[in-house]
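Asker: only the shape, not the letters, is given here:
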């Protein structure tokens, strides 16, 4: 059977309502790296085993496998390790499913809001498209400051209460720590924090010659660690 293809709106809603954390390891997850995982594998759709599993989990026979009631955010590595594992019915799995079921209405509302909010959806879609092809094209790098600002401003009111005010992870290599009218403060994959100006007319020297879009801690790139002393 064909695998369900998640939309950016569905992905955003699942990421947001589940506290921006991977359901398998419990660690924070980046918006751009989020994969949507089925708690009950979609490979069971149409199988004789599905009815038995649903019954053991206390779920109705018409439970929709491809719905917010069965979707959770996951790191790619965690999702890959899980694969098509069918978990034995347990209080923990039932708790996770109940958590998803309880958030269905909120997730659907966020999904619809994402579709209607052209600014945030466009910003996220550009970054997702860039990530899919393996990096940011030059024109995307030039737009990055505006995209980050748009996402932060649009996403903050949508966050779960306990996540508001916390740094937003966009991707494994890039965390927005703080921003003001002139500067964005970023944290790289090693934990090194650096700065980058907020302007549409940014000089190309602010991009790392090795890895592209980044922030700088003195003369050191916070993404790849390269030292650029200007020589």
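Answerer: Good, I have the coordinates. This is a predicted model, so every value here is computed, not measured.

Asker: quick check: beta-bridge partners of the residue nearest to residue 178 when sequence neighbours are not counted?
Answerer: Spatial nearest neighbour of residue 178, excluding adjacent residues (C-beta to C-beta, 6 or more residues apart in numbering): residue 185 at 4.2 Å. The way it works is simple: take the backbone N, C-alpha and C, and place the C-beta from them, glycine included. The bridge-partner assignment for residue 185, based on DSSP bridges, gives residue 178, residue 195.

Asker: neighbours around residue 185, how many?
Answerer: Neighbourhood size, residue 185 [other C-beta atoms under 10 Å]: 16.

Asker: contacting residues around it?
Answerer: Going by C-beta atoms under 8 Å, 6 or more residues apart in numbering, residue 185 touches 176, 177, 178, 179, 193, 194, 195, 215.

Asker: redo those residues as TSV? Include neighbour count.
Answerer: Formatted as TSV, the contacts of residue 185 follow (neighbours: other C-beta atoms under 10 Å):
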residue	neighbour count
176	18
177	14
178	12
179	17
193	15
194	19
195	17
215	25
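
Asker: between these, which is closest to residue 208?
Answerer: Nearest to residue 208 out of the contacts of residue 185 is residue 215 (C-beta to C-beta; 9.4 Å).

Asker: the closest one touches residue 186, doesn't it?
Answerer: Yes - contact criterion C-beta atoms under 8 Å: residue 215 and residue 186 qualify, at 3.8 Å.

Asker: now for these two: what residues contact both?
Answerer: Joint contacts of residue 215 and residue 186 (C-beta under 8 Å, 6+ apart) are 193, 194, 195, 196, 222.
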